[in-house]
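>>> structure for the following, please:
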Amino acid sequence: MVTKIFLQNLNYWGPRVCSPLPFLDHARSFSLWSMKKDPDLESSLSRNRRWIINNQIKNIILRYPEQVAPVKFIQKKFKTLDLKGKALNWLKKYPCCFDVYLEGDKYYCQLTKRMMSLIEEEETVKDVQEPVLVERLTKLLMMSSNHRLNVMKLNELKRSFGFSDDYLIRIVPKHPKTFRIVNYSGRRSAMEIELLSWNPDLGVSAIESLGHSQGSEPQFSCTLPSTWVKSWERFCEFNATPYISPYLDTNHLVEGSKEMEKRIISLVHELLSLTLWKKLSIVKIGHFRREFGLPEKLNVLLLKHPGIFYVSNRYQIYTVLLREAYNGSELIDKDPLVVVKEKFGELMQEGLHEYNQRHRLMNLETKRKKGTMMGSSAKKKPRSSEISEQDDHEGNNLGGLLDPEERKRFYKVLFDDAAS
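All right, here's what the predicted structure looks like:
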């Protein structure tokens, strides 16, 4: 509160000026990303983190010849996965997903049979879901200003929308009356997907669809606790103005107006509704600023609407989630692709649990042996000392764990390993 008042006194919300105070810029940038933490939503992001990494490792292995990759090769990819430590240790934590073996003096990794079975199931779901993916791509193009999207930019978000790596080959050529690939400048980085025909049936947002089904005007919903009085007041004020569809032409809207803000919030809401996990990287959304007519400081605008969006900076990856899509930490409506991917997550957790249990037993066995050795050395003590300790040994056969310091070291080793 003191910091906020201080910043306001320095005309913080006015035009940016160079400040002689070194911490001011840091406080300013921090405030742009601040939002009260939601433990449940933070938990969902934490759970997805391991899944995302292992999914990327899975793709690395699948692309390697004969789908068997040297662990040394996976180690080289760790930097791109934003991981530290040894790849071998990470892979061994998930024995249900990755089969690691030693051949000669080199370690290799392949996917387990259960993992390959899930991959086959995922491919089957993708085939069945192809019409949905076509509609999803069409809606994205319909929201863009010129009905075109850069392929390289879209590739950064393709997995978020459920598109496969080969979607350009898998989807686009099958629908020549709907899509085409264009390159008006000739540069490879300028390749775009263009929409050829407008489908009015698809120009209906998730908010409008819900309003039609309920027989009411389209409006946003808010899932904040009733104790967030000021946020609720701001939300109700914002929601009182007419809804503006993200599929409407925006040429008549004035930049910086309340109508334009409403349209931008509607567009981000629709983008998140089209994703599998109802979340996206704010930085990656910002790459489409020109195509979707987004403001330069999108994060500032999203933070003004905590009733609709949740902004997190977990792992220093600024992510926006759709609050209404979650019940606690669980996604409410799950896409069939999400169901398959969650099976992968369950398999991953099963392997991690197995790994932790095995290491707990190993640690217990090590401590038991150490306790036995300490017990043997204790026999050499004087008779009086032996008698004084006899009751303790009869009541508790844990050997060296009777020593408080030894017990403290034991639990540190046990739980540090389990948490890693």
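>>> all contacts plus neighbour counts: C-alpha atoms, from now on.
OK.
>>> now do residue 364 against residue 370, distance only.
Separation of residue 364 from residue 370 (Cα to Cα, to the nearest Å): 10 Å.
>>> for residue 301, give me its contacts.
Under the criterion of Cα atoms under 8 Å, 6 or more residues apart in numbering, residue 301 has no neighbours.
>>> mind exporting the helix or strand encompassing it as PDB, just the C-alpha atoms?
Residue 301 is part of helix 298-303, with elements assigned from DSSP states H and E. Taking C-alpha atoms only, helix 298-303 is exported to PDB below (Å, rounded to 0.1, in the frame of the first residue of the first chain):
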ATOM      1  CA  LEU A 298      -1.900  -6.300 -23.400                       C
ATOM      2  CA  ASN A 299      -0.900  -7.500 -19.900                       C
ATOM      3  CA  VAL A 300      -2.000  -4.200 -18.400                       C
ATOM      4  CA  LEU A 301      -5.500  -4.600 -20.000                       C
ATOM      5  CA  LEU A 302      -5.800  -8.200 -18.900                       C
ATOM      6  CA  LEU A 303      -4.900  -7.300 -15.300                       C
END
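>>> right, and the helix or strand after it?
Using DSSP H and E, the first helix or strand after helix 298-303 is strand 309-312.
>>> tell me who's in contact with the closest residue to residue 298 other than its chain neighbours.
Spatial nearest neighbour of residue 298, excluding adjacent residues (Cα to Cα, 6 or more residues apart in numbering): residue 286 at 7.2 Å. Each residue near residue 286 by Cα under 8 Å, 6+ apart is listed here: 294, 296, 298.
>>> same deal with residue 69?
By Cα under 8 Å, 6+ apart, the contact list for residue 69 reads 60-61, 108-110.
>>> could you do residue 294 as well?
264, 286, 288.
>>> any idea how far residue 61 is from residue 347?
17 Å.
>>> which one's more surrounded, the two?
residue 61 (22 against 19; other Cα atoms under 10 Å).
>>> the more buried one - that's part of a strand, no?
No - per DSSP: H, G, I helix; E, B strand; the rest coil, residue 61 lies outside any strand segment and is helix.
>>> isn't it up against residue 110?
Yes - between residue 61 and residue 110 a contact is recorded at 6.7 Å, counting by Cα atoms under 8 Å.
>>> which neighbours do the two have in common?
Applying Cα under 8 Å, 6+ apart, one finds that residue 61 and residue 110 are jointly contacted by 67-69.
>>> can you put the residues you listed in TSV and add secondary structure?
Below are the shared contacts of residue 61 and residue 110 laid out as TSV (three-state DSSP):
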residue	secondary structure
67	helix
68	strand
69	strand
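>>> dump the residues you listed to JSON lines, plus distance to residue 282.
As requested, these are exported to JSON lines (distance: Cα to Cα, whole Å):
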{"residue": "67", "distance to residue 282": "34"}
{"residue": "68", "distance to residue 282": "35"}
{"residue": "69", "distance to residue 282": "33"}
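>>> that older thread, show me the contacts of residue 294 that map onto helices.
Mapping those onto helices (DSSP state H) picks out 264, 286.
>>> ok, of the contacts of residue 294, which one's closest to residue 172?
Using Cα to Cα, residue 288 comes nearest to residue 172 of the contacts of residue 294, at 20.6 Å.
>>> confidence score at residue 73?
Here the pLDDT value assigned to residue 73 is 91.
>>> what helix or strand is residue 256 on?
Residue 256 belongs to no helix or strand when elements are defined using DSSP H and E.
>>> how much space separates it from residue 293?
For residue 256 relative to residue 293 (Cα to Cα), the value is 11 Å.
>>> more neighbours: those two, which one.
residue 293 (18 against 9).
>>> measure how buried residue 94 is and give me the count.
Applying other Cα under 10 Å, we find 22 residues neighbouring residue 94.
>>> name the nearest residue to it, ignoring sequence neighbours.
Sequence neighbours aside, residue 351 is the residue nearest to residue 94 in space, at 4.5 Å (criterion: Cα to Cα, 6+ apart).
>>> the one you found looks like it's in a helix, true?
Yes - using three-state DSSP, the assignment for residue 351 is a helix.
>>> thinking again about what came up before, now tabulate the shared contacts of residue 61 and residue 110 in a markdown table and tack on pLDDT and distance to residue 324.
As requested, those are exported to a markdown table (pLDDT from 0 to 100; distance: Cα to Cα, whole Å):
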| residue | pLDDT | distance to residue 324 |
| --- | --- | --- |
| 67 | 92 | 40 |
| 68 | 93 | 42 |
| 69 | 92 | 41 |
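>>> how close does the nearest residue to residue 322 once chain neighbours are set aside sit to residue 268?
With Cα to Cα, 6+ apart as the criterion, residue 322 has its nearest non-adjacent residue at 5.0 Å, and that residue is residue 309. Distance, residue 309 to residue 268, using Cα to Cα: 9 Å.
>>> and if you look at residue 354?
From residue 354 to residue 268 the distance is 41 Å (Cα to Cα).
>>> neighbour count for those two, which is higher?
residue 268 (22 against 16).
>>> is that one in a helix, a strand, or coil?
With three-state DSSP as the basis, residue 268 sits in helix.
>>> what residues are up against it?
Residue 268 touches nothing, counting by Cα under 8 Å, 6+ apart.
>>> quick one, helices of the stretch 151-300 of the chain?
Secondary structure of the stretch 151-300 of the chain (DSSP state H, counting those that start in this stretch): helices located at 151-155, 167-170, 206-214, 229-239, 258-274, 282-286, 289-292, 298-303.
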